[in-house]
Every structure is written in C-alpha cells, then in structure tokens.
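1. When you get a sec, could you give me coordinates for this:
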Amino acid sequence: MNKHQNKSVQFEDLGTKDYQPSWDYQEQLMKNIIDIKIKNRELSAEEHITTPNHFLLVEHPHVYTLGKSGHEENMLAGIEKLKEIDATFVKVNRGGDITYHGFGQIVGYPILDLENFFTDIHKYMRNLEEVIIRTIAEFGLKGERSPGETGVWLDVGKPYARKICAMGVKASRWVTLHGFALNVNTDMRYFEYIIPCGIKDKQVTSLKRELERELTNEEVEQVKNSIKKHFEEVFEAELTAKI
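-> Prediction:
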C-alpha cells in the first residue's frame, strides 16, 4: 500500500438531521479533501498530505430527493400534498432518479477519497451493496443485486422483487458523495407518492415489513453496528470516532 494511502475513516452518527444541512456538511467534507488533493499537486511525493475519509449515518425527516438524471414526473405529489404529509422536495447532484428519505430509515454517506482504497466507481457501488447484503443477512434476509439496477433487492427475478436499500452517489476527483438508504422501520406509505428510482414495476420494502414487526431501538442500533462492522470488512478500513 502507498504510504500516503489512509484507510482510517472518521465515523459520525448525526442522529436526526434535516436533509439540506446534512448535504451541506457532506459538501464541506468533500471540499476539504479535494483542497488537500489540489495542494498535493504542488508538493513532492514525500511531502504529500494524507487525505481523510468520513462515514456518516443519519436519519432524515420526510424528504424526496431527485438526482440530476432524474425525471420530475416521477414525483407524483404536488406542493399541497407535500405540505399535507409534512415532506419536502430537493434536487440533488447525485446520480439516480427520485428517492425518499424519512424517519425509520438509516442513511449512510461515505465521503471517501477512493485513491486511499481503489479508483473504481463500479467496485465502490458493489462494495456498498455488499455491506448492506451482509447486514440484512444478520436478520435472516437474503439481499441480492439486480442486474442494471443499483441497490439491494429481495427475490430478484421474481414478480414480487422488491428493493430494501436504494443507492445513489457522486464522485469528484475520486472523492465520493451521497450514499445509501436502508429501510428499517420506514413508513412505506411515503413511497406511494413517487415512482421510486424511476422503476415502475418494482416494489420497495423494509426490515419491518419483511420481519412483520417493528424493530426495537436496540435492534436499530444493532443494524447500525452491523453496517459499521461490514463497512470495515468490505473496504478493509478502520472506523474511528470523529474527534
């Protein structure tokens, strides 16, 4: 491994936080990493400054986000309906179409300098999927990949295939932004107001729906800890508490 490669990842659980300030925070962390990378261009290899990595977990109040390649017609609710269901709508700079974030959902944002790991976005996405596949396996669910459809699914290839974890990322100078949304105790009615990820004929699901019961607070923490553990395994990284 290059001596300037840093596989240490600063971890933060942001608790419940609105979408926009969470996005702004990600952007700031990304900018800090990119600024270091730009500065490193002026330095000799020996003088290079090691870039940090971050991994955030957060729960958002009800919000619909539309990726830059998305289609607004996949948002089925108008302004009045959004007010009625206490949700907001935000256009974002990640890949992917429309998705929902809300209470009972664990959202993960890795802001990684992939040059610390590997420079391969396809591999990065597959790794994120693998983290979730291993996590939900601990709850007896068999997560799978669906060819051509990012995220983690159940019963792929069957009429009742359903997505349990959506993903959408952006990368700039090999620094990642955005991430995944795993439905845990999510109120699935909120998905009725969108065509999730622009895919009309596929259902969405949650751990709660699959296990046919609400997960306790302790179990939700267990899900988070599983995500952290499998993130370390899959990315061969070490999570450290944000100082």
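
2. Residue 126 and residue 109, how far apart?
-> 18 Å (CB to CB, to the nearest Å). (Each C-beta comes from the backbone N, C-alpha and C, glycine too.)

3. which of those two has more neighbours?
-> Comparing residue 126 with residue 109 by other CB atoms under 10 Å, the one with more neighbours is residue 109, at 24 against 14.

4. Who does that one form a beta bridge with?
-> residue 56 (DSSP bridges).

5. Surely it and residue 181 touch.
-> No - Residue 109 sits out of contact with residue 181 when judged by CB atoms under 8 Å, with a separation of 10.0 Å.

6. host element of the residue positioned nearest the centre of the chain?
-> Geometric centre of the chain, nearest residue: residue 180, 1.8 Å, by CA atoms, centre = their mean. Per DSSP states H and E, residue 180 falls inside strand 175-183.

7. Give me the helices and strands touching the helix or strand just after that strand, please.
-> With elements assigned by DSSP H and E, the helix or strand that comes after strand 175-183 is strand 203-204. On a contact count with 3 or more CB pairs under 8 Å, 6 or more residues apart in numbering; DSSP states H and E, strand 203-204 meets strand 162-172.

8. mind listing what's buried in the strand it packs on?
-> For strand 162-172, the neighbour count (16 or more other CB atoms under 10 Å) marks 162-171 as buried.

9. what does stretch 14-31 give?
-> 14, 17, 19, 22-23, 25-26, 29-30.

10. And the longest helix along the chain, how far out from the chain middle?
-> Counting residues, the longest helix in the chain under DSSP state H turns out to be helix 19-40. Distance of helix 19-40 from the chain centroid (CA atoms, centre = their mean, to the nearest Å) equals 16 Å.

11. Same question for stretch 143-157.
-> 16 Å.

12. CA atoms of it as PDB?
-> Only the C-alpha atoms of stretch 143-157 are listed here, as PDB (Å, rounded to 0.1, in the frame of the first residue of the first chain):
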ATOM      1  CA  GLY A 143     -30.200  -9.500  -0.200                       C
ATOM      2  CA  GLU A 144     -29.200  -9.600  -3.800                       C
ATOM      3  CA  ARG A 145     -28.100  -7.400  -6.700                       C
ATOM      4  CA  SER A 146     -30.400  -6.800  -9.600                       C
ATOM      5  CA  PRO A 147     -28.600  -6.600 -12.900                       C
ATOM      6  CA  GLY A 148     -28.600  -3.000 -14.200                       C
ATOM      7  CA  GLU A 149     -30.400  -1.700 -11.100                       C
ATOM      8  CA  THR A 150     -28.300  -0.300  -8.300                       C
ATOM      9  CA  GLY A 151     -29.100  -1.100  -4.700                       C
ATOM     10  CA  VAL A 152     -30.000  -4.200  -2.700                       C
ATOM     11  CA  TRP A 153     -33.100  -6.200  -3.500                       C
ATOM     12  CA  LEU A 154     -35.000  -9.300  -2.300                       C
ATOM     13  CA  ASP A 155     -36.300 -12.000  -4.600                       C
ATOM     14  CA  VAL A 156     -34.600 -10.700  -7.700                       C
ATOM     15  CA  GLY A 157     -36.000 -12.100 -11.000                       C
END
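
13. That'll do, ta.
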